[in-house]
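1. attaching a predicted model along with its sequence, questions to come.
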Amino acid sequence: MKAILSKLRPSKRLVIILSAAFGVSAASGGAAVYVGRDKILTRFAEPSASGLGCTALRTLKLDHKGQRWIRMHVKTDRATGPDRIRTALRVAGGLAKKEEADLYQVVVLDAAGPEDRASVRGSAIGAEVLFAPGPRSVPGLDEPFRASYNEATANAAGRFHGKVVTLELDDVRAIMAKMDDRSMCNDPSAAGDVAAAAPAEEQASH
């Protein structure tokens, strides 16, 4: 995690959304809103500094024009927006420590939400983090983090229909600095990560 924090550059600009390349977007679940730093940090003044326990749904390893991109879908149960984004940031940090890649994406879904890959979009997304250690090498991205979460509580179908809050880079830095847990999600599959090696363009079409 310290290695990730050392790569963050102070900035007040939000990271450009790369969800078109990955085929998902948290912002499509509701109108995106931008909350001031004081309000963001107040929301995160809760006991669970590292987020919640989670279950890995799938991990996709993509080859995109000579770059390695890793996408991970995880599930949490009855989590608040701040809990979901903390969880996503923790898992993104764990992925970066475990495997080397040019771009990491962690998407948090509700336990009752859809599981097939084609449905992981829009209102199914409770939180999303994109992390690029060298952002300028990734097309359309010039800052290392893009992090957002849906304010709503998931409905019975595991869908979120609230506003999407996008964090500033300084907020991401503050949240990650307070984490005291670096654990990954529980993976119920006996084989561990479910990997799919395919061109990113093909994956994005699903």
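-> Sure, I can see it.

2. so, low pLDDT: which residues of this protein?
-> 1-47, 190-206 (pLDDT under 70).

3. so how far is Ala174 from Tyr149?
-> Per C-beta to C-beta, to the nearest Å, Tyr149 is found 15 Å from Ala174. All C-beta spots, glycine's among them, are computed from the backbone N, C-alpha and C.

4. more neighbours: these two, which one.
-> Tyr149 (31 against 15; other C-beta atoms under 10 Å).

5. show me what the longest helix seen in the chain is packed up against.
-> Longest helix in the chain by number of residues (criterion: DSSP state H): helix 81-98. Contact analysis of helix 81-98 by 3 or more C-beta pairs under 8 Å, 6 or more residues apart in numbering; DSSP states H and E lists helix 2-5, strand 67-76, strand 103-110, strand 125-131, strand 145-150, helix 169-177 as its packing neighbours.

6. what residues sit buried inside that helix?
-> Within helix 81-98, the residues scored as buried using 16 or more other C-beta atoms under 10 Å are 81-96.

7. equivalent analysis for stretch 53-68, please.
-> For stretch 53-68, burial by neighbour count (16+ other C-beta under 10 Å) applies to Cys54, Ala56, Leu57, Arg58, Thr59, Leu60, Lys61, Leu62, His64, Gln67, Arg68.

8. quick one: contacts for the third one?
-> Think Leu57. For Leu57, the contact set (C-beta atoms under 8 Å, 6 or more residues apart in numbering) comprises His73, Val74, Lys75, Leu109, Glu115.

9. would you mind checking those for buried ones?
-> His73, Val74, Lys75, Leu109.

10. how much space between the first one and Lys178?
-> The gap separating His73 from Lys178 is 25 Å, by C-beta to C-beta.

11. then Pro144?
-> 18 Å.

12. between those two, which has more neighbouring residues?
-> Pro144 (23 against 12).

13. hmm, Arg146 is touching Val129, no?
-> Yes: with contact defined as C-beta atoms under 8 Å, Arg146 and Val129 form a contacting pair (7.2 Å).

14. which one of the two has more residues nearby?
-> More neighbours surround Val129 than the other of Arg146 and Val129, with 28 against 24 (other C-beta under 10 Å).

15. that one and Cys185, how far apart?
-> Going from Val129 to Cys185 by C-beta to C-beta gives 13 Å.

16. next one: Arg90
-> 9 Å.

17. quick one: common contacting residues for these two?
-> With C-beta under 8 Å, 6+ apart, Arg90 and Cys185 have no common neighbours.

18. quick one: buried residues of stretch 138-149?
-> Buried residues in stretch 138-149, counted by 16+ other C-beta under 10 Å: Val138, Leu141, Glu143, Pro144, Phe145, Arg146, Ala147, Ser148, Tyr149.
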